[in-house]
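> My questions concern the predicted model and sequence given below.
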Amino acid sequence: MYAIVRAGGRQEKVAVDDVLTVDKLAGDVGSTVTFPAVLVVDGDDVISGSADLARYEVTGEILGAVKGPKINIMHYRNKTGYKRRMGHRQPYTEVKITGIKAGK
């Protein structure tokens, strides 16, 4: 069984025990977070209707904060002596998917 969930403006394919890297979430390490399901596949059954998806709950546990790769930014203007170097590392949160359940 796997699901397509909406996480941080993107859609991710997840199954139980997958570790997912999403945009930074508020919450402590070990706290539970839920994701809205866009599609659920259980064997040969594909659930995509909004009324049916409202019953499904995809839960995960926050493992911790991580940073993305370093991005180097260089500004330069010719013949003026203007140079500027910057760097950026995007903050992310690692989440372990603990369950895909049908409720209600």
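On my side now, so go ahead.
> could you measure the most far-flung residue of the chain relative to its centre against Met86, distance?
Distance from the centre of the chain peaks at Lys79, with 44.0 Å (CA atoms, centre = their mean). Distance of Lys79 to Met86, computed by CB to CB, to the nearest Å: 22 Å. No exception for glycine: its C-beta is placed from N, CA and C like everyone else's.
> Met74 bridge partners, please.
Taking DSSP bridges as the rule, Met74 bridges to Arg85.
> just Asp42 next, same as before
Here Asp42, judged by DSSP bridges, has bridge partners Asp45.
> Quick check: the gap between it and Thr21.
25 Å.
> which residue sits closest to Asp23 in space, ignoring its chain neighbours?
Gly8 (3.4 Å; CB to CB, 6 or more residues apart in numbering).
> Now do the strands in this structure.
2-7, 10-15, 19-23, 32-35, 37-42, 45-47, 56-67, 71-77, 82-88, 91-102 (DSSP state E).
> mind putting these in a markdown table, mean pLDDT included?
Output for the strands of the chain, formatted as a markdown table (pLDDT from 0 to 100):
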| stretch | mean pLDDT |
| --- | --- |
| strand 2-7 | 91 |
| strand 10-15 | 92 |
| strand 19-23 | 95 |
| strand 32-35 | 94 |
| strand 37-42 | 86 |
| strand 45-47 | 84 |
| strand 56-67 | 95 |
| strand 71-77 | 97 |
| strand 82-88 | 97 |
| strand 91-102 | 93 |
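> since we're on the closest residue to Gly9 other than its chain neighbours, how many residues are nearby?
Leaving out its chain neighbours, the residue that sits closest to Gly9 by CB to CB, 6+ apart is Asp23, at 7.2 Å. Using other CB atoms under 10 Å, Asp23 has 12 other residues around it.
> Spatially central residue for this protein, please.
Centre-nearest of the chain using CA atoms, centre = their mean is Val22, 2.8 Å out.
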